[in-house]
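>>> fold the following for me, if possible:
(chains A, B, C, D, E and F)
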4 protein chains.
Amino acid sequence: MTAHSAEPGKPAPPEKGDKRERILDAAEHVFAAHGFFAAKVSEIAERAGVADGTIYLYFKNKDDLLISLFESRMERVNAHLASHVAKHTKPKEKLDAFIRAYLALVKEQPAAAEVLTVELRQSAKFMKGQPTNPKFAELLRLLATIVGEGQAAGVFTDAIPAPVAARMIFGLVDEMALAWLLGDKTPESAPRGKKFDIVRAADWVGALITQGLERRSTQ
Amino acid sequence: MTAHSAEPGKPAPPEKGDKRERILDAAEHVFAAHGFFAAKVSEIAERAGVADGTIYLYFKNKDDLLISLFESRMERVNAHLASHVAKHTKPKEKLDAFIRAYLALVKEQPAAAEVLTVELRQSAKFMKGQPTNPKFAELLRLLATIVGEGQAAGVFTDAIPAPVAARMIFGLVDEMALAWLLGDKTPESAPRGKKFDIVRAADWVGALITQGLERRSTQ
Amino acid sequence: MTAHSAEPGKPAPPEKGDKRERILDAAEHVFAAHGFFAAKVSEIAERAGVADGTIYLYFKNKDDLLISLFESRMERVNAHLASHVAKHTKPKEKLDAFIRAYLALVKEQPAAAEVLTVELRQSAKFMKGQPTNPKFAELLRLLATIVGEGQAAGVFTDAIPAPVAARMIFGLVDEMALAWLLGDKTPESAPRGKKFDIVRAADWVGALITQGLERRSTQ
Amino acid sequence: MTAHSAEPGKPAPPEKGDKRERILDAAEHVFAAHGFFAAKVSEIAERAGVADGTIYLYFKNKDDLLISLFESRMERVNAHLASHVAKHTKPKEKLDAFIRAYLALVKEQPAAAEVLTVELRQSAKFMKGQPTNPKFAELLRLLATIVGEGQAAGVFTDAIPAPVAARMIFGLVDEMALAWLLGDKTPESAPRGKKFDIVRAADWVGALITQGLERRSTQ
DNA sequence: CATGAATGAGACTTCATTCAT
DNA sequence: CATGAATGAAGTCTCATTCAT
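Next up is the predicted model:
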C-alpha cells in the first residue's frame, strides 16, 4: 500500500497534522487494541496528543467517532480496491486482484482491518434497522459489478445472483482476514510464527471463488 | 431444528426447568437484542425469573455467561450439523447437508444465531491470545473432515488445504447468515418480505462451494 | 415546631432510619448550603451515609431528588400550616395563625425554608410550562380558602379575588422569609445579631394584610 | 416603557451598537430563556454576534456578567420607577404609581423582569454573606422613602417600620410579577389568553397595600 | 481589540458484583 | 440455594475560560 504516511507507530508525533486525522488514527489503534466498548476516550485523546474535550469538537460522541472511523477507513479501502481492480479488464483477473488487494491491505494495516472486520459487526448493532452502511454497500457493489461483468461475458455462472455472489465472496475473504488477525495478537507470539501466510491464502481464496463461479460449458 | 423446547417466546416460564438453563435462555435473548456490552445482567435475571445474585451462583461473571452460552449453543449446533451430515456418505452431499442444516438453523433460531454470529467476534476479543474456542474448532473440524474426505476420494481439489477450505466455507455461510439476520429486525417488517429466502440461498452457497472445490479432471 | 426529630445537626448518624429519608435530609442541607446546581450528588451521598449509587435507587436523577425534596417538605409545611389554622374559627385569626406559623417554621427549619423559598424559583424553571406544583397549589388554596371565608363573612373586602389575594399574601410572607434567610448566613455573623426578629415581623405582616383586606363599612 | 430601543426581537443586529450592550442584551434573553446555570456563554456570544472570548474582554466571568446585567437592568428600573413616582406628590399616589409602573414594566420587558425576579434569588446565592445589592437597595429605599413620607404625613400607619413595609410591598408586587411570568411561557399560549391581566392586578395590589398601610383614625 | 480552537477539571450516572439475611 | 439492596469504581461528556494569532 502506498498512501497513509501518518500511521503513528507509537504515541503519534504531538505536532501538526490535521487534528481530526490524528484523532481517527488514535481511535483506530485504541479500538483495535481493546474493542470499541472497552476503549476509553481519554486513551484515544492521549494517543492523539489532544485534550479529551477536543475530541468532541470533531465528533459528536464516541459512537460518532466509530462510525466516522469506519467510513474513513472504508473509503480508503474502496479506493485501494478500485484502483487495483481497474488495472485489469478480464473479470477473473479483476476478481483475483480484488481478493489479493484486500488481503494485502489486511496484512499492511492490521489495525484498520481489525476495526473494519471485528468492530463492523458491533457497529452493525448501532445501525440496527438502518440500511447497510453506504461505504460498505459500495464495496459490495464493486464486487457485484465484477461478477455481473463476468456473467455478461459468459465466464461466470448465471446461477447465482451477482449481489448474492458478492456477499458470499466478501464473507469468505473477510473470514480469512479474521482468522489471520486473531491468529495470535500478543507480541510474544510473533516469533512463534503461528500465523499462516495471508498472501498465500489469496491463492486459495482466488482458486475457490474463481472456479466456483466458473460457467460450466457442459451443463 | 426439532429439539430445544425451552425457547421461551416471551418472559420465560418463571418456574420449573433447570435454573441454569433458564438463565442461558434469557441471556441468549438479551444478548441478541442488545449485544453483549449493552446487555444488563439485571435484565437477564428478570427474564429468567431469578434474582440478580442468583446468576452468580451459576456463572462466574458476565463474561463467563457469554462463554457458557456460546459453548452451550455451539454444542447444539455441532450436534445438529453432525446428525445431518451423518445421513449422507458422499462428500458433496455431506457438504450440502452441512450448509443447508446451518442456514435452516439460523432461520429457526435467530436469537441463538445472532449470538453465535454477531457476538462471536466480540467474544473473540475476550479470547484474545487464547486458542480458538474448542467448540468452534469442532465445527471447523467437522467441515475440514468432510473436505478431507472429498480430497481423499478425489472429488475435491487438493489445491486448498482442508482446514483452510473449512474456514472459507464457514466464512461464506456465516456471512449469508449475518446478511439475513441484519436484513431487517423489526417485527413489522416481516410482511414487507424484504428478507431474502435464506433456504433458497443455501442452493447458491452449495453451488459455489461445491463447484469451487471440485477437482478438475483436465487441469 | 414539634415533629421531625431526625434533623441531623451534622453528618447524620450513619445507621438505621429510612434510607430515603436520610437522603432527603442530606439533600435539604446540601441544596440549602450550595444551591441546587452547585450541590454535588456525592456530597449528599456522603452526608446521608450511603454510596453515591444508592441515591439512584430512590431517585431517578438529581432533578428528581430536588422535586421529591420539594414535595416532601411542602407536605410538611402544608400539614403544619393547616393544623395551626384549624385551631381558629375567625378568618382574621386564621390568617394571622397562618402567617405566624409560616414564619416560625422558617426560623425553626431554615434549611428547609431555603430550599422552598430560594430553590423553588429555580425549580420553577424545571417546571416550565407545567402547571403550578400541586403541593404549592395546595398551600395557595388553603390561603385562598381563608380569604374566601372572610369575604363570605363580610369581614374581608370583595374587591380582590380570593386566589389573587392568596398569592399576594404568600409573596409578602415569602419575601420576609427570604430577607431573613439571606440576612446573613455566615456563622460568624450570628453574634453580630444583624438579623431582625422574624417572629416580630409576623406582627407587621399580619397588621398589613389584615387591615389591607378589611372590609370598609364606610366606603 | 419607552426607552431602550436595542431590545432585539431575535438574533440582535450583528453590527453597531455598543458591544458591551449587545452582550448584555443577549445575556438577558439567554438567562431568561434557560436560567443562569443552564445558560451557555457560547450561546450568549452567538446571540450577541461576538466571539466567545470577546465576552471576557468586557466581563470578568459568567458570574460577573450576571451581576452586571442585574445592575444594568436594575438601574433602568429604578430610573423608570423614580420618574413615575416623581409625577405625584401624595404618598398614596406615589405608591400607586410605583406599583403600576413596576407591573407595566414586567409586561413590557418580560425577559428583563425574569432575570430580575427569577434569577435574583439565584444570584442571591452568589452574594451570600454579602450585603444587599446596592441597586436593589436603592429600589427598596425609594419604596421606604415613600412609606416614610406617608408616615410623616400621617396617612400611613407608624406601626410598621418603613424599611420593613418597603420589603413587604416589594415581595407582594414581585410575587405578582412572578405569577404572571410563569403563568405560561410558550408563545402559542398567548392567544389562549390564560395569563391574567397584570395591569388589572395593579389595582388589587394597590388596594391591598394602600389600605393595609392606611392610618386608622381610631386606633 | 477580537477571535475561536483548545483545554481539562469534574460531575452525573450506570451497572457488574457482593453479601447479609 | 436464593435474594436484591447496596456498593463504588470508572467513563463520557460539558462548558467556562484561556491565549496564540
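>>> for whichever residue of chain A sits closest to chain D, the count of nearby residues, please.
Proximity to chain D, evaluated over chain A using C-beta to the nearest C-beta, is greatest for residue A:57 at 12.1 Å. The way it works is simple: take the backbone N, C-alpha and C, and place the C-beta from them, glycine included. Per other C-beta atoms under 10 Å in any protein chain shown, the neighbour tally for residue A:57 reads 11.
>>> buried sites along the strand or helix carrying it?
Using DSSP states H and E, residue A:57 maps to helix A:52-58. Within helix A:52-58, the residues that count as buried by 16 or more other C-beta atoms under 10 Å in any protein chain shown are A:54-55, A:58.
>>> and that helix, how far out from the chain middle?
From the chain centre to the centre of helix A:52-58 is a distance of 26 Å (C-alpha atoms, centre = their mean, to the nearest Å).
>>> same question, stretch A:169-183
Distance, centroid of stretch A:169-183 to centroid of chain: 10 Å (C-alpha atoms, centre = their mean).
>>> which residues sit in contact with residue A:112?
Residues near residue A:112 by C-beta atoms under 8 Å, 6 or more residues apart in numbering or on different chains: A:28, A:32, A:73, A:76-77, A:105.
>>> leaving out the residues flanking it, which one is nearest to residue A:20?
Leaving aside its sequence neighbours, residue A:20 sits nearest to residue A:58 (C-beta to C-beta, 6 or more residues apart in numbering or on different chains; 4.7 Å).
>>> err, residue A:165, not the other one
residue A:147 (4.7 Å).
>>> give me the distance between the one you found and chain B.
According to C-beta to the nearest C-beta, to the nearest Å, residue A:147 and chain B sit 11 Å apart.
>>> then the strand or helix carrying that residue to CSV, C-alphas only?
Per DSSP H and E, residue A:147 falls inside helix A:134-152. Extracted in CSV, the C-alpha atoms of helix A:134-152 (Å, rounded to 0.1, in the frame of the first residue of the first chain):
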residue,chain,number,x,y,z
PRO,A,134,-23.2,3.2,2.3
LYS,A,135,-19.5,2.7,2.3
PHE,A,136,-19.8,-1.0,2.8
ALA,A,137,-22.5,-1.1,0.2
GLU,A,138,-20.1,0.5,-2.2
LEU,A,139,-17.6,-2.3,-1.6
LEU,A,140,-20.3,-4.9,-2.2
ARG,A,141,-21.3,-3.0,-5.3
LEU,A,142,-17.8,-3.1,-6.7
LEU,A,143,-17.7,-6.8,-6.2
ALA,A,144,-21.2,-7.3,-7.6
THR,A,145,-20.2,-5.3,-10.7
ILE,A,146,-17.2,-7.6,-11.3
VAL,A,147,-19.3,-10.7,-11.0
GLY,A,148,-22.0,-9.1,-13.2
GLU,A,149,-19.5,-8.4,-15.9
GLY,A,150,-18.3,-11.9,-15.8
GLN,A,151,-21.8,-13.2,-16.1
ALA,A,152,-22.5,-10.9,-19.0
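>>> average pLDDT across that helix?
The pLDDT scores in helix A:134-152 average 94.
>>> stretch A:206-219 now?
77.
>>> sorry, back to before: could you list which of the contacts of residue A:112 also contact chain D?
Taking C-beta under 8 Å from any C-beta of the partner chain as the test, chain D is in contact with none of the contacts of residue A:112.
>>> by neighbours, which of the residues you listed wins?
So for these (other C-beta under 10 Å), the most neighbours sit at residue A:28, 26 neighbours.
>>> what's the separation between whichever residue of chain A sits closest to DNA strand E and chain B?
Going by C-beta to the nearest atom of the strand, DNA strand E is nearest to residue A:53 of chain A, at 1.8 Å. Distance of residue A:53 to chain B, computed by C-beta to the nearest C-beta: 24 Å.
>>> closest to residue A:138 out of the contacts of residue A:112?
Distance to residue A:138, by C-beta to C-beta, is smallest for residue A:77 among the contacts of residue A:112, at 9.6 Å.
>>> buried residues in the helix or strand in which that closest one is found?
Residue A:77 belongs to helix A:62-85 when elements are defined using DSSP H and E. Within helix A:62-85, the residues that qualify as buried are A:62, A:65-70, A:72-74, A:76-78, A:80-81, A:84-85, counting by 16+ other C-beta under 10 Å.
>>> and the pLDDT for the residue of chain A closest to DNA strand E?
Residue A:53 is given a pLDDT of 96.
>>> repeat for residue A:125
63.
>>> and if you look at the one 3 residues further on?
At residue A:128, the model reports a pLDDT of 61.
>>> sorry, back to before: so which of the contacts of residue A:112 sits lowest on pLDDT?
residue A:32 (91).
>>> separation between it and residue A:118?
8 Å (C-beta to C-beta, to the nearest Å).
>>> can you count the residues close to residue A:167?
Neighbour tally, residue A:167, other C-beta under 10 Å: 22.
>>> helix or strand: which one has it?
Counting by DSSP H and E, residue A:167 is part of helix A:162-181.
>>> who touches the next helix or strand after the helix holding residue A:77?
Going down the chain from helix A:62-85, the next helix or strand is helix A:91-108, by DSSP H and E. Applying C-beta under 8 Å, 6+ apart, the contact partners of helix A:91-108 are A:1, A:77, A:80-81, A:84-85, A:87-88, A:112-113, A:117, A:142-143, A:146-147, A:149-150, A:153, A:155-156, A:169, A:173, A:176-177, A:180-181, A:198-199, A:201-202, A:205-206, A:209-210, A:213.
>>> what residues does chain A put near DNA strand F?
Contact residues (C-beta under 7 Å from any atom of the strand) of chain A with DNA strand F: A:39-42, A:52-53, A:56, A:61-63.
>>> 6 Å instead, please
Residues of chain A lying near DNA strand F by C-beta under 6 Å from any atom of the strand: A:40-42, A:52-53, A:56, A:61-62.
>>> what about the residue lying closest to residue A:74 once chain neighbours are set aside, distance to residue A:67?
Counting by C-beta to C-beta, 6+ apart, residue A:74 lies nearest to residue A:135, which is 3.7 Å off, once chain neighbours are set aside. Remark: distance between residue A:135 and residue A:67 (C-beta to C-beta) = 10 Å.
>>> domain parsing for chain A?
Listed by automatic domain parsing, the domain ranges of chain A are A:9-59, A:71-213.
>>> check whether the longest one contacts DNA strand E.
No: looking at domain A:71-213 against DNA strand E by C-beta under 6 Å from any atom of the strand, there are no contacts, and the closest approach is 13.9 Å.
>>> how far does that domain sit from the chain's center?
For domain A:71-213, the distance to the chain centre is 7 Å (C-alpha atoms, centre = their mean).
>>> gap between the two ends of it?
30 Å (C-alpha to C-alpha, to the nearest Å).
>>> who's in contact with residue A:161?
So residue A:161 contacts residue B:204 (C-beta under 8 Å, 6+ apart).
>>> over to it: give its phi and psi.
Main-chain dihedrals, residue A:161, degrees, to the nearest 10: phi -60, psi 140.
>>> residue A:143: neighbour count?
So residue A:143, with other C-beta under 10 Å, has 26 neighbours.
>>> now it. Nearest residue, chain neighbours left out?
For residue A:143, the closest residue by C-beta to C-beta, 6+ apart turns out to be residue A:166, at 3.8 Å.
>>> and the one you found, what does it touch?
Residue A:166 touches A:140-141, A:143-144, A:147, counting by C-beta under 8 Å, 6+ apart.
>>> okay, those in CSV with distance to residue A:98 next?
Shown next, in CSV, are those (distance: C-beta to C-beta, whole Å):
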residue, distance to residue A:98
A:140, 12
A:141, 12
A:143, 7
A:144, 11
A:147, 10
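>>> which of the residues you listed sits closest to chain C?
residue A:140 (43.7 Å).
>>> now residue A:209, nearest residue through space, not along the chain?
In space, residue A:209 is closest to residue A:169, 5.7 Å off (C-beta to C-beta, 6+ apart).
>>> lovely, talk soon.
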